[in-house]
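In: With the input below, show me the fold.
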Amino acid sequence: MPPMLMMCWFYCIPFAKGLFFASAFLLIIFSLFVLKRGIRQSRPWLRQAAFLLIFISVLKLFTVDIYLLRDQMLCDSRFFSSSCNAQGFKILQASGLAVLALCSLVLFNLYRNFIRERKRREITPEQNHLRFWSNFGMFLVMLLVLWLAAPWVGFLTVGHVPQLFMNVPWQHLAVLNTVVLLIGFWKLEDCSWLYNPAEKTRKKYLSRVWTPKDTLGLSVILFLITLAFSYASNDVLSTSQTHGQTHLQIDKIDFRSLGPGFHLPQK
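Out: Next up, the predicted model:
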């Protein structure tokens, strides 16, 4: 039980912290997809829900996040370290409320524009190059799998990690993969995937066994599985990049004090 708790502390707690502070941005991205679907499918309630989610995200960002990160934004900053006091905290929170009011005004004007029904031209996957983006996303997922497997293969074969995989961090590939998949799903929303017998000849892509939509879905599943196993490969790379130190330090706790199992391997 204690090892499992330690592993949860090492992996789950930092992930939960990062997910909490990133939730506002993730919710904004999700809201943009909801908004586009509401426009494409002429559903007013989806557009209303999208703007409501964006407002909730902005509200959290400029109230809760600013309050919790005030020390990092002022005290740990090279530019605002002189404002690390009670007065500086009050100014920061007041600035956040002012930006929140401005964003609310902008959102209200955008809401009035997007709430109206607009006739949209139907687009096929061939017209917006959906197949290219879905295949490109799958290629990047396979490349990321190779990049994360390389440290293990290197240690098992030649005893070290090839320098190429040290110079190009896997996180860069993961960010690029995320951007490409988001572009693919954004273009996916332009197409109608609802089958209508009267439009069978006009929507031939619906009769195919495997579509770019399926490729994107499979890419996301493989991408999430790969990210789940990325911690192990990252540990191998961290061990290779550090000498005499350990990466097992969270919240200023040195896990080497817990036993020899948490030490780096001796040369």
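
In: C-alpha from now on. contacts and neighbour counts both.
Out: Fine.

In: Mind splitting the protein into its structural domains?
Out: 1-120, 123-245 (automatic domain parsing).

In: Can you add mean neighbour count and mean pLDDT and give those domains back as CSV?
Out: Formatted as CSV, the entries for the domains of the chain read as follows, by neighbours: other C-alpha atoms under 10 Å; pLDDT from 0 to 100:
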stretch, mean neighbour count, mean pLDDT
domain 1-120, 15, 80
domain 123-245, 16, 76
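
In: So what touches stretch 107-126?
Out: 39-40, 42, 44, 47-48, 51, 55, 131, 188, 190-192, 203, 205, 212 (C-alpha atoms under 8 Å, 6 or more residues apart in numbering).

In: switch to 10 Å and redo it
Out: With C-alpha atoms under 10 Å, 6 or more residues apart in numbering as the contact definition, stretch 107-126 has outside contacts at 35-36, 38-48, 50-52, 54-55, 101-105, 130-132, 187-193, 202-205, 211-213.

In: Among the residues you listed, which ones are in helices?
Out: Mapping these onto helices (DSSP state H) picks out 35-36, 38-40, 44-48, 50-52, 54-55, 101-105, 130-132, 187-188, 212-213.

In: For residue 215, give me its contacts.
Out: 131, 133, 134, 135, 137, 138.

In: separation between the nearest residue to the first one once chain neighbours are set aside and residue 32?
Out: Across the structure, with C-alpha to C-alpha, 6 or more residues apart in numbering as the measure, the residue nearest residue 131 apart from its sequence neighbours is residue 212 (5.2 Å). In this structure, residue 212 and residue 32 are separated by 21 Å, where distance is defined by C-alpha to C-alpha, to the nearest Å.

In: Also residue 97?
Out: The spacing between residue 97 and residue 32, counted by C-alpha to C-alpha, is 23 Å.

In: all strands for the protein, in order.
Out: Counting by DSSP state E, the chain forms strands over residues 249-250, 253-254, given from the N-terminal end onward.

In: looking at the ones you listed, which one has the lowest mean pLDDT?
Out: For the strands of the chain, the weakest mean pLDDT is recorded on strand 249-250, namely a mean of 40.

In: just to revisit the earlier point, nearest to residue 87, of the contacts of residue 215?
Out: Of all the contacts of residue 215, residue 87 sits closest to residue 137, with 48.3 Å by C-alpha to C-alpha.

In: Now do the same contact list for the closest one.
Out: Per C-alpha under 10 Å, 6+ apart, neighbours of residue 137: 131, 143, 176-184, 215-216, 219-220, 223.

In: How about residue 34?
Out: Counting by C-alpha under 10 Å, 6+ apart, residue 34 touches 28, 40, 46, 47, 48, 49, 50, 51, 53, 189.

In: Next: residue 106.
Out: Contacts for residue 106 (C-alpha under 10 Å, 6+ apart) come out as residue 100.
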